[in-house]
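Colleague: Okay, structure incoming, though there's no sequence with it:
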């Protein structure tokens, strides 16, 4: 169950249009390391996780990613809503425009549509948390790459906020992995899948 | 900045953004440190402040969530007509 809160997690107030920038930032909406994949990854992985603290962190970070998804959409929207036909024709944005006008649609910067294959839900919490830590780093690198392309402070500030959250989430997933391992035999963490093979060994209440 | 927002409204929304950020950060910290009593006290303090600020905002400027929709003195269903977050104004 979710509730909507009618505000952004961090303010986005962009004054100047920039079609080229919108076209790279949309990758964090529907690209390979974007916020859509992030939220769906964590929220989908929760069900095969036998440890409540870890289910809780997957839920709360997955929920925060939905707020990031809305921020990225807002950035792209504000960068494109006032574009003139001349600006659209002169920029690489014409290819996006022809299919979506200036609507928001999940795709990577290169035009590849969002695809669930961009994340895994493996049903093994060690495997899933390893993916989650890598995902946070990949998103952090993408935001670093985006930051090198931005020269407008209105766009920089919310992107810096999003980048910083990737670092914090990496830390939290590292702690979640430690919690999982503390529940397992340190001589062989992989002796069984705690979400599938053995309810009692996994400490399920 | 949204031209429809007064200075007082901007300021309150800005404060809510800060308070709620602390709440989100502490929620995630507590998930992996559920026995940290200092963090829990800190969380309770900021969570109450955030709740209060959102109630005050709902009363004066309209609800940010459906749960706060009855706080507003407005006779209309302003949930439908207030600006959306992507319009800007959340400073």
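Modeller: On my side now, so go ahead. Just so it is clear, the structure is predicted and the values come from calculations on it, not from any experiment. Residues are numbered from 1 along each chain as shown, chains lettered A, B, ... in the order given.
Colleague: For stretch A:127-135, what is the distance to the chain centroid?
Modeller: Computed by C-alpha atoms, centre = their mean, to the nearest Å, the chain-centroid distance of stretch A:127-135 equals 12 Å.
Colleague: for residue 30, what are its contacts?
Modeller: I'll assume chain A. A:36, A:105-108, A:113-114 (C-beta atoms under 8 Å, 6 or more residues apart in numbering or on different chains). The C-beta positions use only the backbone N, C-alpha and C, and glycine is treated the same way.
Colleague: meant chain B, my bad for not saying
Modeller: Counting by C-beta under 8 Å, 6+ apart, residue B:30 touches B:36, B:39-40, B:43.
Colleague: State the pair within the residues you listed that is farthest apart.
Modeller: Checked with C-beta to C-beta, the contacts of residue B:30 reach their widest spread between B:36 and B:43, with 9.4 Å between them.
Colleague: and residue 8, how many neighbours does it have?
Modeller: Picking chain A for this. Close neighbours of residue A:8, defined as other C-beta atoms under 10 Å in any protein chain shown, add up to 24.
Colleague: I was after chain B.
Modeller: The number of residues near residue B:8, taken as other C-beta under 10 Å, comes to 10.
Colleague: Next: residue A:78.
Modeller: Neighbour number of residue A:78 under other C-beta under 10 Å is 23.
Colleague: Work out for me the element it sits within.
Modeller: Here residue A:78 sits within helix A:52-80, counting by DSSP states H and E.
Colleague: What is that helix packed up against?
Modeller: Applying 3 or more C-beta pairs under 8 Å, 6 or more residues apart in numbering or on different chains; DSSP states H and E, one finds that helix A:52-80 contacts helix A:19-25, helix A:27-30, helix A:35-45, helix A:125-149, helix A:153-182, helix B:7-32.
Colleague: Which of the ones you listed has the highest mean neighbour count?
Modeller: helix A:27-30 (a mean of 24; mean count of other C-beta atoms under 10 Å in any protein chain shown).
Colleague: Of the contacts of residue B:30, which is the most crowded?
Modeller: Using other C-beta under 10 Å as the neighbour test, the contacts of residue B:30 are led by residue B:43, with 18 neighbours.
Colleague: Could you tell me the backbone phi and psi angles at residue A:124?
Modeller: Main-chain torsions, residue A:124, degrees, to the nearest 10: phi -140, psi 110.
Colleague: Around it, how many other residues sit close by?
Modeller: Residues contacting residue A:124 under the criterion other C-beta under 10 Å number 20.
Colleague: check which helix or strand covers the closest residue to it other than its chain neighbours.
Modeller: Among residues not flanking residue A:124 along the chain, residue A:193 sits closest, at 4.8 Å (C-beta to C-beta, 6 or more residues apart in numbering or on different chains). Using DSSP H and E, residue A:193 maps to neither a helix nor a strand.
Colleague: and if you look at the one 4 residues further on?
Modeller: With elements delineated by DSSP H and E, residue A:197 resides in a region that no helix or strand encompasses.
Colleague: so how far is chain B from it?
Modeller: In this view, residue A:197 and chain B are 24 Å apart by C-beta to the nearest C-beta, to the nearest Å.
Colleague: same deal with residue A:49?
Modeller: Distance of residue A:49 to chain B, computed by C-beta to the nearest C-beta: 12 Å.
Colleague: picking that back up, pull up the per-residue confidence for the residue nearest to residue A:124.
Modeller: Each residue has a pLDDT score; the one for residue A:193 is 93.
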